Each structure stands twice: as C-alpha cells, then as structure tokens.
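For reference, the sequence and a predicted model appear below.
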Amino acid sequence: MRLRQLAVATIAINLPFAMPLSAEPEKDGYLFTQGYYVQQDDDRAIFDDDGQGFRMGVGRQIRDHWYWETNLAYDVLETGVTGYTDYYQLHLGVDAVYRFRNQDQARPFLLLGIGAVRDDVFPSLAGKPDKDETSFYSNVGVGIVTPGLFDVGLKLRFDARAVFSEFHDGYMDQHYSIGLELPFGGSKVVTKTVYKETVREVPVAPIDSDGDGIFDAQDRCANTLVGARVDATGCVIEKQSFDLRGVKFRSGSEQLTGDSVEALIDVAAFLKAQPTLRVQIAGHTDAVGSAALNKQLSQKRADSVKAFLVQSGIEPDRMRAVGYGETQPIANNATPDGRAANRRVEFRIN
C-alpha cells in the first residue's frame, strides 16, 4: 500500500514540471524529480523499518555517456509508533553517472556520489545522546531511464541506491526511486530533418579539344593543327604536308594580315606541344607575274612566317623557310579560285 501511495504521489508532484521543453535533453541539461521508498538499516532499531522521501536535482552531460547530477533529497524514517518520528533527513549530494546505449533507447546507468546529510533526531535514541548531526554520506546505485516520451522529451526514471551514512556508528540504508526526467534549455521542440542528397552521375561525352580525332584522355600531343594527320596517341606523323590555314598576306607583299597573327599563335602552340618536330615552311604563289618575282615573293613570305614563330619562342633551327614561287600549283591558275588556292603557305614535316 505504501509503495502504491508513493508512486501516485510522485507522479502528482512531477506533473507540474512536465511542460514542453527541448527534445534534446542531454544538450542543455535536465531536471529530475523522484519519490522514493527507504529500507532502513536494521541497526537504527526502528520497528517497522519504513521510510519515504522525495528527491529532485539537475544533470548535464559532460562527455560521451558521462553525466554529473546535483540533487537535494528529504525523507522521513518512521518508528512505527503513532505520533512519533525518529529521523528527518535532508541530503545534498553530487553524483557521477554513466549511461549505457544511445539517447533514443532505454538507457541503464550506474551512479556513484558523495554528499552531506542532516539528521534531525526525535526522540533521543536508546543509549545514545539526543543530538542532531550533519555528517558525510556516499552512495552507489543502478537505474534506467526510458527513451523520450511524447514530443517534449519527458522520460521515466527508476533507480536503486545504497546510501552509506557516517551518522553515529554508521548506517547503510537502501533507496528505491521512481520519477520523471525533464529536459530544459528552451520551450521549442527541436525537430531535426535529415535530407538525403541524391547524386546522379551524368555521362559526359569525351572531348577532343584540338579536333584531331583523338579524345583528350588519350591525346599525348595537344594543340594539333587542322589538317595534320596524327597517330593513335594524337601526335603528328612524319612525311606529310598541310596548309597553314588562316595565314594571309597583303597583296603583293610579305606583310602578314591581322587575321594571320591569331592563326600563327596556334601554330606556335602546336610546335611547343611537340618539341621534337622539325618542319619546312614552304611558300607558294599563283602564276600571275614573272616566275622570278613570284619565287622571290614566296621566299619572303616563308621567311616572314618563320620570323613570327621565332619571336613566339620556337627555336629557329627547327624550321627551314623555302620559297617555291609558282612551280608547285595545286589548282588551275586560269581561274580566280584556282589562283587563290595556289597562294598558300605549307608545313612540311620531315
């Protein structure tokens, strides 16, 4: 009957504290309140060995699984004689608590602590002076707390303690507790939403930056010029010739046009990417005018291209400039389109 009354009284006392606080009690700390039954040491010479008390305290996590708790407890140990009480006890203590398992599970725990207890004694004990006393006590215990209930993180808590007091000759009482544990630290319920990021791999088309037919991942020779033939590694093969597209000159002159400069920058990048390559710069003209003047003009144009590439950082001994004039046409000089095709500069790879 006393245990049932104790449980009902404990719940009634704790309900006013059960307000929505935080769903993460260990982060900000917690308040706990308990009612407990005392099984007294037989040496106290009290007839019915009975007692009841109330404990409240605060706790906080200090590291993984470890907590500290400060608590204040008050209990009454009865004699069993109507109208008389032997002990009124007030406890103030600190406990170290180790909790097993995770916070979203029921968590068994161990506790070990020390404190001071004030014993108010009435009437005097047989054979002992009638003396109130404050003495040292220690306690060790086990217990369990439930996972958080409802949306406020409220937990049920049960524990059993052996309390060793130095009062008089020393006593060992046993406390059996039931109560509530309430988080604090704010009035907002914390809801944590976890978003799972979905990463979808999108296939990327292979890239051929220089357009030589070899993808960049396999291309060992970058910046290949348009029209050059390459091997399986993207490097130019020997014994071939191709036009330097975009290289133009002013009419009747060896002076490069503005558009030619951009084309020759690409030619320089090509030669730098393949430093072992040696080339002949071949100048050609159409058949308009004398053969001697055309040969002279083609040589000057080939020399102009070489000079530009030398200024761009290409070693001069890798290039040989030769003017062929009108002697090697590739189209009919009788038509405007044919003559335009014959006015060209070639790269000849040795």
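Yep, it's here. Numbering: from 1, shown residues only.

remind me which residues of the stretch 1-150 of the chain are low pLDDT?
1-28, 44-49, 79-85, 123-131 (pLDDT under 70).

which residues in it form helices?
Using DSSP state H, counting those that start in this stretch, the helices of the stretch 1-150 of the chain run over 2-14, 25-28.

With the stretch 201-350 of the chain instead?
Under DSSP H, counting those that start in this stretch, the stretch 201-350 of the chain gives helices at 258-273, 291-311, 336-342.

out of these, deepest packed?
Highest mean neighbour count of these: helix 291-311, a mean of 18 (counted as mean count of other CB atoms under 10 Å). (Glycine included, C-beta is placed from N, CA and C.)

C-alpha coordinates for that helix, PDB please?
Below are the C-alpha coordinates for helix 291-311, written out as PDB (Å, rounded to 0.1, in the frame of the first residue of the first chain):
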ATOM      1  CA  ALA A 291      58.400  33.500-112.300                       C
ATOM      2  CA  ALA A 292      61.400  35.200-110.800                       C
ATOM      3  CA  LEU A 293      59.400  37.700-108.800                       C
ATOM      4  CA  ASN A 294      57.000  35.100-107.700                       C
ATOM      5  CA  LYS A 295      59.800  32.900-106.300                       C
ATOM      6  CA  GLN A 296      61.300  35.900-104.500                       C
ATOM      7  CA  LEU A 297      57.900  36.800-103.000                       C
ATOM      8  CA  SER A 298      57.200  33.300-101.800                       C
ATOM      9  CA  GLN A 299      60.600  33.100-100.100                       C
ATOM     10  CA  LYS A 300      59.900  36.400 -98.300                       C
ATOM     11  CA  ARG A 301      56.500  35.200 -97.100                       C
ATOM     12  CA  ALA A 302      58.000  31.900 -95.800                       C
ATOM     13  CA  ASP A 303      60.700  33.900 -94.000                       C
ATOM     14  CA  SER A 304      58.000  36.200 -92.500                       C
ATOM     15  CA  VAL A 305      56.200  33.200 -91.100                       C
ATOM     16  CA  LYS A 306      59.400  31.800 -89.600                       C
ATOM     17  CA  ALA A 307      60.300  35.200 -88.100                       C
ATOM     18  CA  PHE A 308      57.000  35.400 -86.300                       C
ATOM     19  CA  LEU A 309      57.400  31.900 -84.900                       C
ATOM     20  CA  VAL A 310      60.900  32.600 -83.700                       C
ATOM     21  CA  GLN A 311      59.600  35.700 -81.900                       C
END
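
Contacts for it next, please.
Identification of contacts with helix 291-311 by CB atoms under 8 Å, 6 or more residues apart in numbering yields 244, 247, 249, 252, 254-256, 261, 264, 267-268, 271, 281-288, 316, 319, 321-327, 345.

any idea which residue sits dead centre in the chain?
Note on the chain: the residue nearest the mean C-alpha position is residue 197, at 13.1 Å, using CA atoms, centre = their mean.

That one: what secondary structure?
coil (DSSP: H, G, I helix; E, B strand; the rest coil).

Surely residue 242 is in contact with residue 225?
Yes: Residue 242 lies in contact with residue 225 (CB atoms under 8 Å); the separation is 7.1 Å.

Between those two, which is the more surrounded one?
residue 225 (20 against 15; other CB atoms under 10 Å).

what's near enough to touch that one?
Contacts of residue 225 by CB under 8 Å, 6+ apart are 242, 244-245, 266-267, 270, 347.

so how many other residues sit close to the nearest residue to residue 171 once chain neighbours are set aside?
Computed as CB to CB, 6 or more residues apart in numbering, the closest residue to residue 171 that is not its neighbour in sequence is residue 41, at 4.0 Å. Residue 41 is flanked by 19 other residues according to other CB under 10 Å.
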